[in-house]
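[1] fold the following.
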Amino acid sequence: MTRGQPFSVRLDEATERLVDAEARRTRRSRSAIVEALTEEAARTRRFPGLAFRGDDAQRRPWVIGSGLDVWEIIEMLDASGSPEALVADSHLSSAQVRLAMAYRDAYPAEIEAAVAENRRPIEDIATLYPFIVVTGR
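    Numbers count the residues shown, from 1 in each chain. Now for the predicted structure:
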């Protein structure tokens, strides 16, 4: 990812306190916090109906009203074969499926990585987390 030119910004006191608190809590710089918040806000404006959730390191897009992350909808779409089949076989509307597809098309590496993470072999997960009891093998 290439970086743009630096510029200064003045925040109102309440926003500055929020940025300072987030920087302390996450142990990141104020500029990293402002950059992350700006990127997230830009994406939610570009894709109305989409929001972000999760912890700081793993913020992920989800389709409002569906309860599902974008990657989950894309995985369901891959399994169903077509947007029409997914709409017919799920609680999703065609607008929600189109929104997930549009986001995937704009950020394919992000969505592919999330889908790949979900498809990790159970053996990998058992190795990483040996205290978890895996059932149904």
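
[2] phi, psi for the residue nearest the centre of the chain please.
    The residue lying closest to the centre of the chain (Cα atoms, centre = their mean) is residue 60, at 1.6 Å. In terms of degrees, to the nearest 10, the main-chain angles of residue 60 are phi -140, psi 150.

[3] over to residue 64?
    Main-chain torsions, residue 64, degrees, to the nearest 10: phi -60, psi 140.

[4] okay, now the domains of the protein?
    12-43, 47-127 (automatic domain parsing).

[5] would you turn those domains into JSON lines with mean pLDDT and distance to residue 5?
    C-beta coordinates here come from the backbone N, C-alpha and C atoms, glycine included. Listed next are the domains of the chain as JSON lines, based on pLDDT from 0 to 100; distance: least, Cβ to Cβ, whole Å:
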{"stretch": "domain 12-43", "mean pLDDT": "94", "distance to residue 5": "13"}
{"stretch": "domain 47-127", "mean pLDDT": "94", "distance to residue 5": "23"}
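
[6] okay, those domains, which one's buried deepest?
    domain 47-127 (a mean of 15; mean count of other Cβ atoms under 10 Å).

[7] could you give the bridge partners of the residue nearest to the centre of the chain?
    On the basis of DSSP bridges, residue 60 is bridged to residue 53.

[8] now do it against residue 131, distance only.
    25 Å (Cβ to Cβ, to the nearest Å).

[9] and the helix or strand containing residue 25, what does it pack against?
    Using DSSP states H and E, residue 25 sits within helix 13-26. Helix 13-26 sits against helix 30-46, with contacts defined as 3 or more Cβ pairs under 8 Å, 6 or more residues apart in numbering; DSSP states H and E.

[10] run through who's touching stretch 70-78.
    50, 60-63, 66, 68, 83, 86, 90, 92, 96-97, 100-101, 103-104, 111, 114-115, 118 (Cβ atoms under 8 Å, 6 or more residues apart in numbering).
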